[in-house]
Every structure is written in C-alpha cells, then in structure tokens.
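**Student:** no FASTA, just this:
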C-alpha cells in the first residue's frame, strides 16, 4: 500500500512540476532576465570606472541562458516536484487515519496546507527569494545555512502545531483547535524570525518592482506545487484507499 | 457535547512497521534531491565545477533557495 501511494505521489509531483514550469517560464523568467540585465549594467559600470582598462573578459557560459530558462528550469522543478510528491505521499501514509476524522482527500488537503505554509510561505517571509544580482557572493555559505536552519525550524514548529491541534481537536472541537493552533504557530514562527539574523544585500538602484514580481512568481510556484499535489494526490489516494464508490459518493 | 473523532470513521491507519523502511529511504532520497536542486555547487560542492549549479540555476532562484 505504501509503495502504491509513493508511486502516485511521485507522479502527481511530476505533474505539479510541469504545471509549475509553465507558470515559472511565463511569469518568473521575465523577471530573471530583467535582473540579469541590471547585473550586466552593474558589471559594465564597474569596468568603466576602473582606471586599468583591461577589457572585460567575456567568459563563455557553462550553460546558456536559453538552456537555463527552459530545460534547466524544467529539470529543477520536475525533480523538486517528484521529490516533494514522493515525500508528501509518505507523510500522507503516516497521517492517514491518525490526524482526525477526515478521509483521504481531507488528510491530503490538510497536509498540503501545512506543507505550503511551513515550506513555501513562512521561510520566504524571513529570507525571501532573490533574483540574480541580489546577494553578495562571499556570503553564500552563511545565507544557505541560515535558509536551511529556518526551514528546519519551520518544520519542527509545524509538527508541534499539528500535535497541539490533534490533542485540542478531540477535546474542544475543530474550531477552537484551529484558532489556538494558529496562534501557537504564529508565535513560535515569530520567535524563530527574531532569533535568526537579518540579511540585507540589495544593490543600490535595483528596481523594487522586479523584486516584487519575482517574489510573487516564487510564491505562485510553491502554491501551484502544493495545490496540485494536495488536491491531485488526495483524489487519487482516495480511489486507492476507499474505493471508487467512496469517490462517487463524496463527490455527489 | 461530543465531537467527531477518529473512532467515528472506519479508517485504518497503515501500521508503523510497514511504513518505517519507506519513510527512512524516502527521507534520504528527498534530502539528496533537495540538496542537488537547492544547494549543490553553491555553498558546498560534491561534484567539481559549476555545471549543475548553472543548469538548475533558474529553478533554484525561483524556488527561493539562495543561489549565489
């Protein structure tokens, strides 16, 4: 059973990756191009300012921009989608029948909501996505560590919140459990935000609109990935676990 | 007043014993794939060069990972 769920999770994740790629190519790539144009301007301005007029050596790129924006982007998103979908299905296999009076589709939707918030939204509120040209090369190690520490903290806080919700749900009902859990979640995340250092590496003159649109695109990609996985996998898993009859009955 | 609980539905959880090997292997695979899409040849590198970094460059930026 777990194997069947895993296969379904990975396939759903790949489909989610394809949809996310179409979105990312349409709405994210134009912002990446604008950011790279700004980066090129910065480099050109620096070269012009330096007295030693060594011609800027134009290195041949390892991977062309076109490849990065098409097959590279698609590969990255599809692998991420497949890995996310597979991991999601295993978490689902654990959560199914253990979190509360919800069936397969409900479990999947709740799990996806928790995943979207804890992995897609919360980490990016503290350390938002940045296009090329933003961020200093020599701080990449620290920024990468902090980002993964924040994600780990977010996952732990989400698990704590789920445990709180599960306990309160049985004792006080879904409504009260939802309100208290949300409060616990927000307070703990706020503590993590305050505890971790601020990163501020925006270059002067960078168009704020490009940053905004780029970050909205990032949010959209995560929303698409989690929505397709949460809803798609839920419907598919329901057929497997509860039979075709259950699907038809609950859809009616 | 009573609330709906797990006992009201006929859902049988998958036993932990069946889940464990899948969970461990799945988590390992997830971590490895996440690392290669999100961080390889950025702060750290398993494979020398920058081809992997450059190839998944746009996905890394747009997913929100620190890239360079």
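**Tutor:** Everything's here; your move. What you are looking at is a predicted structure, and each value in this text was computed from that prediction instead of being measured.

**Student:** helices or strands up against the longest helix seen in chain B?
**Tutor:** The longest helix of chain B (DSSP state H) is helix B:16-38. Counting contacts by 3 or more CB pairs under 8 Å, 6 or more residues apart in numbering or on different chains; DSSP states H and E, helix B:16-38 packs against helix A:2-23, helix A:73-95, helix B:57-63. In this view, the C-beta of every residue, glycine as well, is placed from N, C-alpha and C.

**Student:** deepest of the ones you listed, which one?
**Tutor:** Here the criterion is mean neighbour count by mean count of other CB atoms under 10 Å in any protein chain shown, and of the helices and strands packed on helix B:16-38 the winner is helix B:57-63, at a mean of 27.

**Student:** quick one: work out the angle between the longest helix of chain B and helix A:73-95.
**Tutor:** Orientation check (axes from the mean of the first three to the mean of the last three CA atoms, to 10 degrees): helix B:16-38 against helix A:73-95 gives 160 degrees.

**Student:** contacts for helix B:16-38 next, please.
**Tutor:** For helix B:16-38, contacts defined as CB atoms under 8 Å, 6 or more residues apart in numbering or on different chains pick out A:1-3, A:6, A:76, A:79-80, A:82-84, A:86-87, A:90, A:93-94, B:52, B:56, B:59-60, B:63, B:65.

**Student:** now do the next helix or strand after it: distance to the chain's middle.
**Tutor:** Using DSSP states H and E, the helix or strand that directly follows helix B:16-38 along the chain is helix B:51-55. Distance of helix B:51-55 from the chain centroid (CA atoms, centre = their mean, to the nearest Å) equals 20 Å.

**Student:** could you confirm whether helix B:51-55 reaches chain A?
**Tutor:** Yes: with CB under 8 Å from any CB of the partner chain as the criterion, chain A is reached by helix B:51-55 at B:51, B:54-55.

**Student:** contacting residues around residue A:164?
**Tutor:** Residues in contact with residue A:164 (CB under 8 Å, 6+ apart) are A:177, A:180-181, A:184.

**Student:** of the residues you listed, closest to chain B?
**Tutor:** residue A:177 (9.2 Å; CB to the nearest CB).

**Student:** do a quick rundown of the helices in the stretch 151-252 of chain A.
**Tutor:** Taking DSSP state H, counting those that start in this stretch as the test, the helices found in the stretch 151-252 of chain A are A:174-195, A:208-227, A:233-251.

**Student:** can you pull up the most central residue in chain B?
**Tutor:** When chain B is reduced to its mean C-alpha position, the nearest residue by CA atoms, centre = their mean turns out to be residue B:30, at 3.6 Å.

**Student:** hey, which helix or strand in chain A has the poorest pLDDT?
**Tutor:** Least confident helix or strand of chain A, by mean pLDDT, DSSP states H and E, is helix A:233-251 with a mean of 78.

**Student:** just to revisit the earlier point, and the gap between the residue nearest to the centre of chain B and residue A:83?
**Tutor:** Look at residue B:30 and residue A:83: by CB to CB, to the nearest Å, they are 5 Å apart.

**Student:** now chain B against chain A: closest residue?
**Tutor:** residue B:59 (2.4 Å).

**Student:** which ones are touching the closest residue to that residue other than its chain neighbours?
**Tutor:** For residue B:59, ignoring the flanking residues on the chain, the nearest one in space by CB to CB, 6 or more residues apart in numbering or on different chains is residue A:76 at 2.4 Å. Contacts for residue A:76 (CB under 8 Å, 6+ apart) come out as B:37, B:55-56, B:58-60, B:63.

**Student:** report the contact partners of residue 12.
**Tutor:** Just going to use chain A. A:85, A:89, A:228-229, A:232-233, A:236.

**Student:** other chain: chain B
**Tutor:** By CB under 8 Å, 6+ apart, the residues touching residue B:12 are residue A:97.

**Student:** give me the secondary structure label for it.
**Tutor:** coil (DSSP: H, G, I helix; E, B strand; the rest coil).

**Student:** shaky segments in the stretch 51-200 of chain A?
**Tutor:** Judged by pLDDT under 70, the stretch 51-200 of chain A has its weakly predicted residues at A:51-59.

**Student:** in it, what residue lies closest to chain B?
**Tutor:** Counting by CB to the nearest CB, the stretch 51-200 of chain A gets nearest to chain B through residue A:76 (2.4 Å).
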